[in-house]
Each structure stands twice: as structure tokens, then as C-alpha cells.
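> Please find the sequence and the predicted model below.
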Amino acid sequence: MDLLAGFDTRRIETFGAEIHLRVGGSGPAVVLLHGYPQTHVMWHHLAPRLAEHFTVVLPDLRGYGQSSCPQADPDNFTYSKRAMAQDVKHVMRALGHRAFAVVGHDRGGRVAYRLALDEPETVTRLAVLDIIPTYEMWQRMNAQLAMTTYHWMFFAQPSPLPEMLIEPRAREFIDYTLASWTATRDLSAFDPQALEAYREAFAAPGHVAASCNDYRAGQTYDFDADKADHLAGRMIACPVLALWGDAGIPASARGPLDIWRNWARDLRGAAVGAGHFIAEEAPDETYSHLLPFLLESND
């Protein structure tokens, strides 16, 4: 059974990658961006419901799912959120959309807010799910947060250390990771078919290295890009919705909304009763926040 029945499948070449995506619905465009260690399938609860109101576009980020895994470069630009954001812009231009809303979870949320900062005329509304900005994460890193987000340091280590340790047991590693970030600390929140899609993609050749390169970029290129915007006083121009799990990762930081106020002038948000994977752990509650926000006029 296709969890996204009725969604067309496309593959679009961008400036440095081939992006696999699904497209469904009609109306104003909304892009949904997945996070680590998942694929576009993570939106299977929300995408069909949103497609009743919008044209919904579901890409796999470069290095994830069925998208290509380009060779990393020394300055980590290839897997930077700026590069991934340009993939999104390129895909949407190819589909005929010059301005659109973006919803991003986890790494996809970092791509989403980077696109909003780099291309303010492109992003009409922005929703970020269970993250705070990369710059803020590193600036707030302490013993407690380091234990909660150990993977930020581990995956960013030079190749081939994390790849060498993860690849031999990739399926076990992804199961452990997914379970450990839920409120229940198990895999019960995940549809079995979705879970198998995550396992297959993660264990495919090149994908562990690509996901590590994503985090290497986070510690270097992405941090520097965020820092430059922060020091210059640049703010996200469009309305922003921040949602986080009350048992998720940002909940361990004090005041996610207070943090996001340093980055967005038009901001609202709320905690959702879930761990990190709010779109799958609490899809109805997540939808109840997303739909009215996305339907609001920017006028």
C-alpha cells in the first residue's frame, strides 16, 4: 500500500543533486521537508489532509530517501542548508511555483528557515517543527544538551569515524535512534510501512555518509551562515510558526519561543504532546496548528 496514494512521483535535477519528490493536491503551494533520519514519507499523516487545501510538495533532501548523494566538498557547502534550500527553490521553480509556504521538521526545518533568510521573496509562511536555530543550539551546548543531542558531535566527526561505526548495523542504529527520540521511547508511533522505508533508505549505500556530511555542514558552514545573519541583525521576514514536542529536543532548552524571537518578528507557536516526531506521534494536534496558520492571509 502506498502511504501517499494519489501523489505523483517526480525527479528533478538541481544545481548539484537529483531530488526525488511526491506532489499532490491543488491550490497554493506548500513544501514539507523531512528531517533526520527519515524521508518524505514522514508526512503521510498530514500531506493528504493538507492536499485538500494546497498543492503539497514532498521532496527527499539531498543525501536522504531516493534523492542523490553528491560528493562532499572541503568547506561542507554541498550538504549545507543553503545548498539544500537552493534545491527546494529549484524544484519549486521547475514545478511553476515562485512563492510558497514551507514546513520543515528537524533538518528540514533548518533548510526551511535558511531558505526564508536567503530568499525572503520566495517563502510566504514558515513553520519549523521541533528545532531551534543551529547557531542557538551550538551556543547553548552544555553537558545536559550534549547528552541529549550527542549525535550532533558524533556525526560531525571527520570521515570515516561515524560511518565506520554506524554502517555495519545501520538498521539497528536507525531503530534505536527513532525510538530514543519519541515520548514513549519505542517505535509504536511509526507506521510499519513508513518505518521500513526509513530503514531501507538509511541503509542504502552512501546514505550514512551523506547524513554525516549534513551534520558536518551543521557544525561548520551552517553555523557560520547563521552567525553572520545573527550578527547582521537579519530576521525572517515572513510569519513563522514554531511547534515543538513537550518531550522533544527543544523542550530541554528554556523558552523555544523566546529563542525564535531573536530570528522572527511575526512569530507564534506552541508545544505539542509528543516527543521529537510530532507529525507522527501527534498528527491531529500538529495539523490543528498547521492548517489555520497556512490558511492565514499575509495581507
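Arrived safely, thanks for sending. All of these numbers come straight from a predicted model, not from anything done at the bench.

> So which bits of stretch 221-236 are buried?
221, 222, 223, 225, 226, 229, 230, 235, 236 (16 or more other CB atoms under 10 Å). Using the backbone N, CA and C atoms, a C-beta is placed for each residue, glycine as well.

> Need the max-distance pair from those residues.
Pairwise distances across these peak at 20.8 Å for 221 and 235 (criterion: CB to CB).

> Check which helices and strands the lowest-mean-pLDDT helix or strand in the chain is in contact with.
Least confident helix or strand of the chain, by mean pLDDT, DSSP states H and E, is helix 143-148 with a mean of 90. Contacts defined by 3 or more CB pairs under 8 Å, 6 or more residues apart in numbering; DSSP states H and E place helix 143-148 against no helix or strand at all.

> quick one: it to chain centroid distance?
21 Å (CA atoms, centre = their mean, to the nearest Å).

> Tell me the buried residues in it?
Along helix 143-148, the positions that meet the burial threshold by neighbour count (16+ other CB under 10 Å) are 145, 148.

> From the contact counts, what lies against the very next helix or strand once past it?
Where DSSP states H and E defines the elements, the next helix or strand beyond helix 143-148 is helix 150-155. In terms of contacts (3+ CB pairs under 8 Å, 6+ apart), helix 150-155 is packed against helix 207-217.

> hmm, who's touching the helix it packs on?
Under the criterion CB atoms under 8 Å, 6 or more residues apart in numbering, residues 36-37, 61-64, 69, 72, 76-81, 107, 151-152, 155-156, 158-160, 162-163, 166-167, 170, 201-202 lie in contact with helix 207-217.

> next one: stretch 158-167
By CB under 8 Å, 6+ apart, stretch 158-167 touches 72, 154, 155, 173, 208, 209, 212, 216.

> From residue 75, how far off is the residue nearest to the first one when sequence neighbours are not counted?
Taking CB to CB, 6 or more residues apart in numbering as the measure, residue 72 lies nearest to residue 213, with 4.5 Å between them; neighbours along the chain are not counted. Distance of residue 213 to residue 75, given as CB to CB, to the nearest Å: 12 Å.
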